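Chemist: Sequence first, predicted coordinates after that:
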Amino acid sequence: MSDVKGAAALRATLVYNLGTLGALASDRFADRVEELGLKPKHAGLLAALDAGPTASQQELATRLGVAPSLIVALADQLQELGAVERVRDPQDRRRQVLNLTPEGRRLLTRCTEAAEATDAELTAGFTEPQRAALTHALRTLGEHHTPN
């Protein structure tokens, strides 16, 4: 008898299911925000700008755990769309901070609507308590495994 576990054992793991469903969810969300001229990473930056205090590109990169060059590229693209503006920090004129514009807030609202539509599609067979429990469990898992 073999000690090798088969496909059923792999499919029973949390990491396999999160990865498979995560890819599906990401693709569906990406399709929806693409209609806005955005990618999911743009939506993430808009949300980060809305969620915290005014921040420089470097501070945002640290907060989000990504390379500063990615924040610069995303901010450039969002600035072209009129969604963010770079402003000199009055306390430190050498530092530029990113701010959401009214267009940025509109796009963030549309991204939220796209995320909610994707959630509804993916959990169509769930009851409301099941949806709430899944959301709570995933949020808790994320809080334990994301950089602060």
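Modeler: Received, thanks.
Chemist: switch to C-alpha atoms for all contacts and neighbour counts from now on
Modeler: Noted.
Chemist: buried stuff in the longest strand along the chain?
Modeler: In the chain, taking DSSP state E as the definition, the longest strand is strand 92-100. Within strand 92-100, the residues that qualify as buried are Gln96, Val97, Leu98, Asn99, Leu100, counting by 16 or more other CA atoms under 10 Å.
Chemist: close enough to count as contact, the fourth one and Asp89?
Modeler: No - using CA atoms under 8 Å, Asn99 is not in contact with Asp89; the gap is 11.0 Å.
Chemist: Got the confidence number for the spatially most central residue of the chain?
Modeler: For the chain, Gly44 is the residue whose C-alpha lies nearest the centre (CA atoms, centre = their mean; 3.8 Å). Per-residue pLDDT puts Gly44 at 94.
Chemist: In the chain, what helix or strand scores lowest on average pLDDT?
Modeler: Between all helices and strands in the chain, the lowest mean by mean pLDDT, DSSP states H and E belongs to strand 55-56, at a mean of 85.
Chemist: List the contacts of it.
Modeler: Leu49, Arg95, Gln96, Val97, Leu98 (CA atoms under 8 Å, 6 or more residues apart in numbering).
Chemist: Next SSE downstream of it?
Modeler: Next along the chain after strand 55-56, taking DSSP states H and E as the criterion, comes helix 57-64.
Chemist: what is the rounded mean pLDDT of the helix or strand following that next one?
Modeler: Downstream of helix 57-64, the first helix or strand assigned by DSSP H and E is helix 68-80. Regarding helix 68-80, the rounded mean pLDDT is 95.
Chemist: elements contacting helix 68-80?
Modeler: helix 40-51, helix 57-64, strand 84-89 (3 or more CA pairs under 8 Å, 6 or more residues apart in numbering; DSSP states H and E).
Chemist: got the CA coordinates for it in CSV?
Modeler: What follows is helix 68-80, C-alpha atoms only, in CSV (Å, rounded to 0.1, in the frame of the first residue of the first chain):
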residue,chain,number,x,y,z
PRO,A,68,7.6,51.2,-3.9
SER,A,69,7.9,51.1,-7.7
LEU,A,70,4.5,49.4,-7.9
ILE,A,71,2.9,52.2,-5.9
VAL,A,72,4.5,54.8,-8.2
ALA,A,73,3.3,53.0,-11.3
LEU,A,74,-0.3,52.6,-10.0
ALA,A,75,-0.4,56.2,-8.7
ASP,A,76,0.8,57.4,-12.2
GLN,A,77,-2.0,55.5,-13.8
LEU,A,78,-4.6,56.7,-11.3
GLN,A,79,-3.4,60.2,-11.6
GLU,A,80,-3.9,60.0,-15.4
